[in-house]
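> with the sequence up front, the predicted model follows.
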Amino acid sequence: MASSAPLTSHTQSQNYQDKNYGFALTSLTSLFFMWGFITCLNDILIPHLKAVFDLTYVQAMLVQFCFFGAYFLMSLPSGYIVKKLGYKKGIVVGLLIAALGCVLFYPAAAMHNYPVFLFALFVLASGITLLQVSANPYVSLLGSPKTASSRLTLTQAFNALGTTVAPSFGALLILDSASEAFLTPAQNAESVQLPYLLLAGMLILLAGIFAWLKLPDIMSEQKEAAEKSDTIEGSAWQYRHLTLGAVGIFMYVGAEVAIGSFLVSFLAQENIAGLKEHVAAHYITYYFGGAMVGRFIGAAVMQKLPAGKVLGFNASMAIILVVIAMSTSGQLAMWSILLVGLFNSIMFPTIFSLALNGLGKHTAQGSGILCLAIVGGGNSATFTRCAC
């Protein structure tokens, strides 16, 4: 096993050395932006639905549980779909499924039914899961393995751009409109209809564009390379570094989602900042804006420094900032927790690319396994509140 990974990486370097994948990478950034935008809207949706349906915190956290539960149930099937259809068709199907989930928000709001909202979120997340399983390894493979972490971090910076602008969009169209005192709970629920219909339209448009685009057929190249190399048979589960990467993804996403989900409530506490919910929602922009800046910086730094060392430094700084936020109050606690986003920034793309390194023909399955670990986000948000 140990001998096959270097050979595969070397072969990939030889194959990709003279190819220019700039157009393909540029096109893929739109996907990263969209699913970052949609995922971050959950942090606005949670306090909104909590107020509309008079939910407990644990009940409200079912939003994240259902959303990230889709990763648990759909990641391995998505890996199978990508292996059969290829990365491009997987992207198109994922976009259409996500669009269907957004459309389902309209009847959910009209029915004023929380379980239907949760079902719509599950469908939406199923589409995003297929997008993640398709696009993340695709970006890693569009170039030399030596710069895979840097490349995926750069495209994930546009994911962070989506998470940066989403809170302001959500606060304006969802929380601000729902804050009118004369509105009934049913009318408050309907404030999500227009934003999610707009998202559905964008996703359908992207699906049409990607169906039309001519993108590199990396899957065929992988199969040809696998036939010429000594890549091991069996499955991706045989790779120890992939298993450790899945554990890392589980823990990282859990921490990131737990912070994002409770950030509005945390900043609303009197001993922290005492902000109104619709005002605190705008501060989420600083958290995810830090992630965006950190990814642009990280993409450049990892062109020069080993990705593993950069990952270790950022993880250590994030731990220190969380401890400060937990043990202090006021402005220090507020800015400490917001700065965590800066150091969280490179973790997902770096862990993902390092875990997929050298998997060869098992890359699609490996991507499904890593996306399966994203379920940590839904679990952590629920269990964190239960422990409070």
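Nice, I can see it. Numbers count the residues shown, from 1 in each chain.
> what's the following helix or strand after the helix or strand of the chain with the lowest mean pLDDT?
Lowest mean confidence among the helices and strands of the chain (mean pLDDT, DSSP states H and E): helix 4-16, at a mean of 44. Going down the chain from helix 4-16, the next helix or strand is helix 22-40, by DSSP states H and E.
> now the helix or strand just after that next one - C-alpha only, PDB.
Proceeding N to C from helix 22-40, the next assigned helix or strand is helix 42-52, under DSSP H and E. C-alpha atoms of helix 42-52 as PDB (Å, rounded to 0.1, in the frame of the first residue of the first chain):
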ATOM      1  CA  ASN A  42     -29.000  27.600   8.200                       C
ATOM      2  CA  ASP A  43     -27.500  29.800  10.800                       C
ATOM      3  CA  ILE A  44     -30.200  32.400  10.000                       C
ATOM      4  CA  LEU A  45     -32.900  29.800   9.500                       C
ATOM      5  CA  ILE A  46     -32.400  28.300  13.000                       C
ATOM      6  CA  PRO A  47     -33.400  31.400  15.100                       C
ATOM      7  CA  HIS A  48     -36.100  32.300  12.500                       C
ATOM      8  CA  LEU A  49     -37.800  28.900  12.700                       C
ATOM      9  CA  LYS A  50     -37.300  28.700  16.500                       C
ATOM     10  CA  ALA A  51     -39.300  31.900  16.800                       C
ATOM     11  CA  VAL A  52     -42.000  31.000  14.200                       C
END
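> and helix 42-52, how far from the chain's centre?
19 Å (Cα atoms, centre = their mean, to the nearest Å).
> measure Leu161 to Met34 for me?
When distance is defined by Cβ to Cβ, to the nearest Å, Leu161 is 11 Å away from Met34. Bear in mind the C-beta positions are built from the backbone N, C-alpha and C, glycine included.
> the strand or helix carrying Lys89 packs against which elements?
Lys89 belongs to helix 87-103 when assigned by DSSP H and E. Counting contacts by 3 or more Cβ pairs under 8 Å, 6 or more residues apart in numbering; DSSP states H and E, helix 87-103 is packed against helix 22-40, helix 62-85, helix 114-141, helix 193-212.
> quick check: angle from the longest one to helix 22-40?
The reference is to helix 114-141. Interaxial angle, helix 114-141 versus helix 22-40 (axes from the mean of the first three to the mean of the last three Cα atoms, to 10 degrees): 150 degrees.
> no more questions from me, cheers.
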